[in-house]
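Undergrad: Prediction below, plus the sequence it came from.
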Amino acid sequence: MTEEKQGTIAEIIFHNKENSYTIAVFETEEEQFTVVGNLPACRKGSSYLLRGQWKVHPTYGEQFAVSGFEEVMPSTEAGIEEFLSSGVLKGIGKKTAEAIVSRFGSETFDIIEKEPGRLTEVPGIGAKKAEAVAEAFQSHREFARITLYLQQFGINADYAMKLYKVYGADTIAAVEENPYRLAEDIFGVGFKKADKIAQKMGIAKDDEHRIKSGVKFTLWYFAGEGNTFLPQQLLCEKTGALLDVEQEKISDALVEMAFQGDIHVDNLENRNAVFLMPYYLAEQNVCKCLAAMEGAQLKLIGSDLDSLINVTEQESGIALSENQKYAVKTSLEQGVSVITGGPGTGKTTIINSIIHILRHSGLKTAIAAPTGRAAKRITETSGCEASTIHRLLEYYYSEGEDTMRFGKTAEDPLDYDAVIIDEASMIDLLLMNGLVSAIRPGTRLILVGDADQLPSVGAGNVLRDIISSEYVYCVKLTEIFRQAKESLIVVNAHKINKGEYPDCNEKGKDFFLMRQKTEKEMLQVIKDLCVRRLPAYYTDTVPARDIQVLTPVRKGLLGSVNLNRELQEVLNPPCFELAERQFGERTFRERDKVMQIRNNYQLKWRNQEDFTEGEGVFNGDVGFIQKIDREFNEVTVIFDECKYVTYDFNQLDELELAYAITVHKSQGSEFPIVVMPISWFPPVLATRNLLYTGVTRGKTAVVLVGSENKMRGMVDNNRITQRYSGLAARLKALLDF
């Protein structure tokens, strides 16, 4: 039975700032007892009207479980003074609080709310400070009212704060008008959470807002799976099942959404394809830009290419094969070209030769890759400064639009004669759109990558689509060079790619299979490899830095979530000297290896080597926790050994441990040692190109742990997940035209 209790917080036993879960001693006029539940901004001395029920905890006895609350403003002068000096209103300390209450007494709150100008009657408070105090008080009251309102829909204080930051005083009106907008506007509030709120508000199952939001959710969900569109029939089926609504109503909603410009319906290869507008516009623009680059006049190379190739060979001391020479010549003769091949086929040598010729000819050249790690590797192998594509395009965060924008565009294009992009298999459609938009016709665009790796994490199938369309010149490298043949990693990668079983455990080689039967045995061996066996064999190895565990899955005993939990315990165990912070089910500890799991264009970083500063940390960036500061509620992470980024505690949902990561997240990276479990995984993940991608991440050694039969099964499974992408069809249409 629900009861109401009014009183004050006498003592706080525990308070989690992330979700406001609180255990406290509560005191009324008649009694004192323990309360548990969500109480945001809870402070000793705070007054509340609590609603809840009595429950008996098996260890701690009787407790009052809070289901709802209302903050009660103090009415006594002592209570008002304690409230003001509690830190809830920035800029007011104990002395200022005493002075304010001394001047206005029990009318203090009325003065702050209705006549804030009078605060200047208190010595030490000027007009600006009075205004700031009034605004802080107003925000506190507004947030308390909004939090109380949102409780009834199951929205906790953490999400209430996120809503308040976006909508401010209009939060309640925004939720009442259309709760489904929360799914689009607030990170962490997905469609399903918004739908639960709407159901509690009594919104009908076939409400137009619900159907339109369901359509967008389905399209965004499949975009997250890599698709730039969905066939209309499939979209109606999936959305109908999600909403439990007739497909006819969804078809009707599509017409209105297309008319309003929320989506675009296109006839693609004799079927209706439904696009979210950003992807439709991006596909159209990528085709237009590639066509313009293909047909443009190029700046001439200094002399004939054969002579320049000979000079390059002499100066580098490397003899190019005939296919490599052909790749170099083709790339320099075409407006757009692709060079693709697996490990050991000489892609890096070709890039270096192209750079040498371009610079010898006085042509200004940019070199870039999708990730910081890949760009750093190009810089090391070529001796030429490379950057991320985002940095090349001078990305920035547009506060007014709440999105990322590129400084380099069609209106202000890149000032280069040639642009070389490595690891092009990682480029998704939206990034490709930004890139080609910023390249002037007449600039050579050279894309280099391994088309047999997993496709980009983001939507699209850019490299494969460009190759399969046959719209641009493509050179496929298949020959493995002598030095690369000495590595079983390289040889086995090509064998796997051709559907052949890899050779393992050859003496003095770098590719191993440790046969284990059960997942528990595999887990123990992986831990032992990381802690003891690999560091003992490769003596310069620092486990957390040099050994990367890759896995196909997130869940399960051998999924990245559990592997991280287990590896953290043995590689960076709890220690009195290391501060740690709990966030949900994750524990973050100083020295932990972590990964950023969403693009955050506003996060500021500082390079400790050259003292440059910038903004933006991206999905997949890996770093190490340097410091957890409990006083300032901050975590400092070092990325790329020199970029320092500071996170507030409430931003820790953007990080996860990275001792183990999924193979998808490893794209574009290279690690000294790769360890990978091989067990039963869902057939959609236990594929040849996933195994190939994982194996090609290793540089010094690859160790597979598990079942030889399951490994062979992955080689046999040449299933490539179908991605709905219109780029290849559009480029083929251009070619036919």
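TA: Done, it's in.

Undergrad: switch to C-alpha atoms for all contacts and neighbour counts from now on
TA: OK.

Undergrad: mind listing the strands for the stretch 1-150 of the chain?
TA: 3-15, 21-27, 32-38, 47-57, 61-71 (DSSP state E, counting those that start in this stretch).

Undergrad: okay, and for the stretch 1-150 of the chain, where does confidence drop off?
TA: 17-19, 41, 86-88, 90-91 (pLDDT under 70).

Undergrad: out of the strands of the stretch 1-150 of the chain, which comes closest to residue 495?
TA: strand 21-27 (54.0 Å; Cα to Cα).

Undergrad: Please find the angle between the direction vectors of the closest one and strand 3-15.
TA: 120 degrees (axes from the mean of the first three to the mean of the last three Cα atoms, to 10 degrees).

Undergrad: What helices and strands are in contact with strand 21-27?
TA: Judged by 3 or more Cα pairs under 8 Å, 6 or more residues apart in numbering; DSSP states H and E, strand 21-27 is in contact with strand 3-15, strand 32-38.

Undergrad: The longest one - which strands sit beside it in the sheet, and in what orientation?
TA: Using DSSP bridges, strand 3-15 pairs in its sheet with strand 21-27 (antiparallel), strand 47-57 (antiparallel).

Undergrad: nearest to residue 395, of the ones you listed?
TA: strand 21-27 (38.2 Å).

Undergrad: pull the CA atoms of that closest one into CSV?
TA: Extracted in CSV, the C-alpha atoms of strand 21-27 (Å, rounded to 0.1, in the frame of the first residue of the first chain):
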residue,chain,number,x,y,z
TYR,A,21,19.7,6.0,-6.7
THR,A,22,19.9,6.9,-3.0
ILE,A,23,20.1,5.2,0.3
ALA,A,24,19.5,7.7,3.1
VAL,A,25,18.2,8.2,6.7
PHE,A,26,14.9,10.1,6.5
GLU,A,27,13.5,12.0,9.5
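
Undergrad: Contacts made by that strand with the rest, please.
TA: 7-16, 32-40, 42 (Cα atoms under 8 Å, 6 or more residues apart in numbering).

Undergrad: Out of the residues you listed, which end up buried?
TA: 7-10, 12, 15-16, 34-40, 42 (16 or more other Cα atoms under 10 Å).

Undergrad: Which members of those are the farthest-apart pair?
TA: Going by Cα to Cα, the pair spanning the buried ones among the contacts of strand 21-27 furthest: 7 and 16, at 21.2 Å.

Undergrad: before we move on, the earlier item: for the strands of the stretch 1-150 of the chain, which one sits closest to residue 175?
TA: strand 61-71 (18.9 Å).

Undergrad: Give me the sheet partners of the closest one and which way each runs.
TA: In the sheet, strand 61-71 lines up with strand 32-38 (parallel), strand 47-57 (antiparallel) (DSSP bridges).

Undergrad: Give the residue spans of the stretch 251-400 of the chain that score low on pLDDT.
TA: 397-400.

Undergrad: ok, back up a step: can you lay out the strands paired with strand 3-15 as CSV showing distance to residue 540?
TA: Shown next, in CSV, are the strands paired with strand 3-15 (distance: least, Cα to Cα, whole Å):
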stretch, distance to residue 540
strand 21-27, 45
strand 47-57, 52
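
Undergrad: quick one, which of these is nearest to residue 554?
TA: Closest among the strands paired with strand 3-15, using Cα to Cα: strand 21-27, at 27.4 Å.

Undergrad: With distance to residue 120 added, can I get the strands of the stretch 1-150 of the chain in a markdown table?
TA: Below are the strands of the stretch 1-150 of the chain laid out as a markdown table (distance: least, Cα to Cα, whole Å):
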| stretch | distance to residue 120 |
| --- | --- |
| strand 3-15 | 31 |
| strand 21-27 | 36 |
| strand 32-38 | 37 |
| strand 47-57 | 28 |
| strand 61-71 | 28 |
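
Undergrad: one step back: could you provide the helices and strands packed on strand 21-27 in CSV, with additional columns for distance to residue 308?
TA: Putting these into CSV (distance: least, Cα to Cα, whole Å) gives the following:
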stretch, distance to residue 308
strand 3-15, 69
strand 32-38, 71
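
Undergrad: which one is residue 716 nearest to, not counting chain neighbours?
TA: Once flanking residues are discounted, residue 716 sits nearest to residue 499: 6.2 Å by Cα to Cα, 6 or more residues apart in numbering.

Undergrad: where along the stretch 601-737 of the chain do the strands fall?
TA: Using DSSP E, counting those that start in this stretch, strands in the stretch 601-737 of the chain cover 613-617, 622-629, 634-639, 643-648, 655-657, 660-662, 671-678, 698-706.

Undergrad: Quick check: which of those strands is buried the most?
TA: Highest mean neighbour count of the strands of the stretch 601-737 of the chain: strand 660-662, a mean of 25 (counted as mean count of other Cα atoms under 10 Å).

Undergrad: Show me the strands paired with that strand, marking each as parallel or antiparallel.
TA: Checking strand 660-662 against DSSP bridges gives partners strand 547-551 (parallel).

Undergrad: List the contacts of residue 660.
TA: With Cα under 8 Å, 6+ apart, residue 660 has these contacts: 548-551, 560-561, 563-564, 567.

Undergrad: and residue 606, how many neighbours?
TA: Neighbour count for residue 606, taken as other Cα atoms under 10 Å: 17.

Undergrad: still on that earlier bit, for the contacts of residue 660, which one is nearest residue 632?
TA: residue 564 (26.8 Å).
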